[in-house]
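> Build me a structure from this.
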Amino acid sequence: MSDARDKALPSKLTGWRRVVKATGYSLAGLAAGWREPAFRQEALLALVLVPAAFWLGQSWTETVLLLTVTALVLVTELLNTAVEAVVDRIGPEWHAQSKRAKDIGSAAVLLCLVLCGGVWLSALLRWASLHLL
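Below you'll find the predicted structure:
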């Protein structure tokens, strides 16, 4: 016997149709992220850092590490934006748990920025010691 809730659920897509739909959702998420000033600033910085990683990296491993920490900042910012959107969806009133969720998301972004800055700084110092000293 079928439950009434089953009728409300759309049929699950499979194969390439699912991939195409999922890609559309992901692109919509990137567009939503782009509308956030913090993500936009970090994405524009990444446009400078990605080519710089290929120039600065002294090895394939170092280049990949520079690219990875740069991408990690963008990913974390998108996740933080998602947390903020969900919290805001729950309601506009102030709540300690809402503040806590937003603060934790912000802390995750901060840690990624510090990690990214540290990796880039160490690569720059290594490059400078090899080429300027």
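> Work out for me the element the residue nearest in space to the middle of the chain sits within.
Centroid-nearest residue in the chain, with Cα atoms, centre = their mean: Val75, separated by 1.3 Å. Element membership for Val75, per DSSP states H and E: helix 60-90.
> Just the buried residues of that helix, please?
Across helix 60-90, burial judged by 16 or more other Cβ atoms under 10 Å covers 62-63, 65-67, 69-70, 72-74, 76-78, 80-81, 83-84, 87. The C-beta positions use only the backbone N, C-alpha and C, and glycine is treated the same way.
> List the contacts of Lys21.
For Lys21, the contact set (Cβ atoms under 8 Å, 6 or more residues apart in numbering) comprises Leu13.
> Quick check: the gap between it and Ala28.
11 Å (Cβ to Cβ, to the nearest Å).
> now do Leu121
The value you get for Leu121 to Ala28, if Cβ to Cβ is used, is 35 Å.
> Kindly report the same for Lys102.
In terms of Cβ to Cβ, Lys102 sits 23 Å off from Ala28.
> Looking at the two, which has the bigger crowd around it?
Lys102 (15 against 10; other Cβ atoms under 10 Å).
> I'd say Val119 and Val64 touch.
No - look at Val119 against Val64 with Cβ atoms under 8 Å: they stay out of range, at 11.0 Å.
> Please enumerate the shared neighbours of these two.
Counting by Cβ under 8 Å, 6+ apart, Val119 and Val64 have no contacts in common.
> how about the lengthiest helix in the chain: buried residues?
Counting by DSSP state H, the longest helix found in the chain is helix 96-131. Going by neighbour count (16+ other Cβ under 10 Å), the buried part of helix 96-131 is Ser98, Ala101, Gly105, Val109, Cys112, Leu113, Cys116, Val119, Trp120, Ala123.
> Can you tell me which of the residues you listed lies closest to Ala32?
When the buried residues of helix 96-131 are ranked by distance to Ala32 (Cβ to Cβ), Gly105 comes first, at 15.4 Å.
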